[in-house]
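> Sharing a sequence plus its predicted fold:
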Amino acid sequence: MKATRDAFGDQLVYSGETNESIVALSADLGKATKINKFADAYPDRFFEIGIAENNMIGIASGLSEHGYKVFLASFASFLTGKYDTIRCSLSYSNSPCVVVGTHGGLAIGKDGVTQMGLEDMSLMRSLPDMCVINPSTYNQTKAVVKHLCENDLDCVNYLRLGRQPVAESYEDTVEFEFGKGVICRQKENPDAVVYSTGCVLSDVLDATKELNVTVIDMPFIKPIDKEIILNNESRLVFTVEDHSIIGGLGSSVSEVITDHGLNTRLCRIGVNDIFPESGSPADLYAKYGLDSTSIRERIVNEMDKQRD
């Protein structure tokens, strides 16, 4: 089991060997975000800005304007808290940087709510010219970072990563299509469809292993994969995310359902409209309904209601 933040650091070093236009910026959290791996390998292309996220965003915009492929990293809660600077210096300016927010969600544990990125995807999704990516495993994250390093980017990309090690659901050579979801478990006539994003995927797969449901991994929150939602229409749909249920995956899927007039009931599983407590990742997942047992119970209960 490895964390998605580790995949980011590992792939950035690998891609940096052949692409000298890649530069990396940190706001005093290089060890935690794993961007320090790039700093160790290519110190001449790494910039430690210190605890000055607004400055880091402005510098990233300038470097991008001069042709560099810029990765800037900090905790999701700290980076997206600088919303206005990201809005003006990156999004409005169309500076195609990769904004990397680590420590997303409840699973950061005892650091507490000030460190938890719980509204980050909602904030970034609201910005024009912004792609929001929330990969679920180490191998999938490596594929995402590889794509971002090797292709010309036409917008700002927000890459959300987790602190906790997660089970691997993909092969080392995972086939990756930018902007697309992945069907992890397909049922011919499912009772429901479950959409998962980010590091909760393994919990979702475990929770649903004995249920007649299709499970789809959605690494892209924006642009959302409308095609996979429309092609897997069901009367009962669930979204699961370690993020506020407001503005993230649940909201993205609900917009597709509404815009296309689907006859579907949507149940959003995530962090409700609250500030959570501090605790171990396992305790927090259990308390707020994101462990596999709680996810299974919620799905079974809602399927029972659907049958009544």
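That came in fine, so what should we check first? Numbering: from 1, shown residues only.

> ranges for the helices of the protein?
For the chain, helices defined by DSSP state H occupy the ranges 4-16, 30-33, 36-41, 53-65, 76-80, 83-85, 120-125, 138-150, 201-207, 226-231, 249-259, 281-287, 292-307.

> Break this protein down into its structural domains.
Domains of the chain are assigned by automatic domain parsing as 4-160, 182-307.

> Tell me which of the ones you listed sits nearest to Asp172.
With distances scored as C-beta to C-beta, the stretch of the domains of the chain nearest to Asp172 is domain 4-160 (5.9 Å). Bear in mind the C-beta positions are built from the backbone N, C-alpha and C, glycine included.

> one step back: tabulate the helices of the chain in TSV, adding columns for mean pLDDT and distance to Lys187.
Listed next are these as TSV, based on pLDDT from 0 to 100; distance: least, C-beta to C-beta, whole Å:
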stretch	mean pLDDT	distance to Lys187
helix 4-16	97	27
helix 30-33	95	38
helix 36-41	97	40
helix 53-65	97	44
helix 76-80	95	33
helix 83-85	96	40
helix 120-125	97	28
helix 138-150	95	22
helix 201-207	96	13
helix 226-231	96	14
helix 249-259	97	18
helix 281-287	94	25
helix 292-307	93	13
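
> for those helices, which one sits closest to Glu168?
helix 138-150 (6.0 Å).

> So what touches that closest one?
With C-beta atoms under 8 Å, 6 or more residues apart in numbering as the contact definition, helix 138-150 has outside contacts at 2-4, 6-8, 10-12, 14-16, 19, 22, 69, 98, 133, 135, 157, 159, 161, 166, 168-172, 174, 176, 178, 217, 219.

> swap in stretch 10-26?
Residues outside stretch 10-26 that contact it (C-beta under 8 Å, 6+ apart) are 33-39, 41-42, 45-49, 56, 59-60, 63, 67-74, 141-142, 145-146, 149-150.

> Pull up the distance across it, start to finish.
Using C-alpha to C-alpha, to the nearest Å, one end of stretch 10-26 lies 16 Å from the other.

> Show me the one of the helices of the chain that comes nearest Gly109.
Nearest to Gly109, of these and by C-beta to C-beta, is helix 281-287 at 4.7 Å.

> Out of the helices of the chain, which is closest to Ile108?
Comparing the helices of the chain under C-beta to C-beta, the one sitting nearest is helix 281-287, at 7.5 Å.

> any idea of the pLDDT on the residue nearest to Tyr285 when sequence neighbours are not counted?
Spatial nearest neighbour of Tyr285, excluding adjacent residues (C-beta to C-beta, 6 or more residues apart in numbering): Asp291 at 4.1 Å. On pLDDT, Asp291 comes in at 96.

> Quick check: the gap between Asp291 and Ser95.
Between Asp291 and Ser95 the computed distance is 39 Å (C-beta to C-beta, to the nearest Å).

> wait, what's in contact with Met121?
Applying C-beta under 8 Å, 6+ apart, the residues near Met121 are 104, 132, 134, 158, 160, 221, 241, 243, 247-249.

> Can you tell me which member of the residues you listed has the lowest pLDDT score?
On pLDDT alone, Gly104 ranks lowest of these, at 94.

> Quick one: list the elements packing against the longest strand anywhere in the chain.
Among the segments of the chain that qualify as a strand by DSSP state E, the longest is strand 236-244. On a contact count with 3 or more C-beta pairs under 8 Å, 6 or more residues apart in numbering; DSSP states H and E, strand 236-244 meets helix 120-125, strand 192-196, helix 249-259, strand 265-271, helix 292-307.

> Could you list the low-confidence segments of the stretch 51-200 of the chain?
Applying pLDDT under 70 to the stretch 51-200 of the chain picks out residues 173.

> Could you check how many residues crowd around Thr18?
Residues near Thr18, counting by other C-beta atoms under 10 Å, number 9.

> Repeat that for the one 5 residues further on.
A total of 22 residues lie near Val23 under the criterion other C-beta under 10 Å.

> Could I get the pLDDT score of it?
pLDDT, Val23: 98.

> hang on, Leu153 packs against Asn94?
No - with contact defined as C-beta atoms under 8 Å, Leu153 does not count as touching Asn94 (10.2 Å).

> the more surrounded of these two?
Leu153 (17 against 14).

> so who does that one touch?
69, 96, 98.

> Name the residues of the longest strand of the chain that are buried.
Within strand 236-244, the residues that qualify as buried are 236-244, counting by 16 or more other C-beta atoms under 10 Å.
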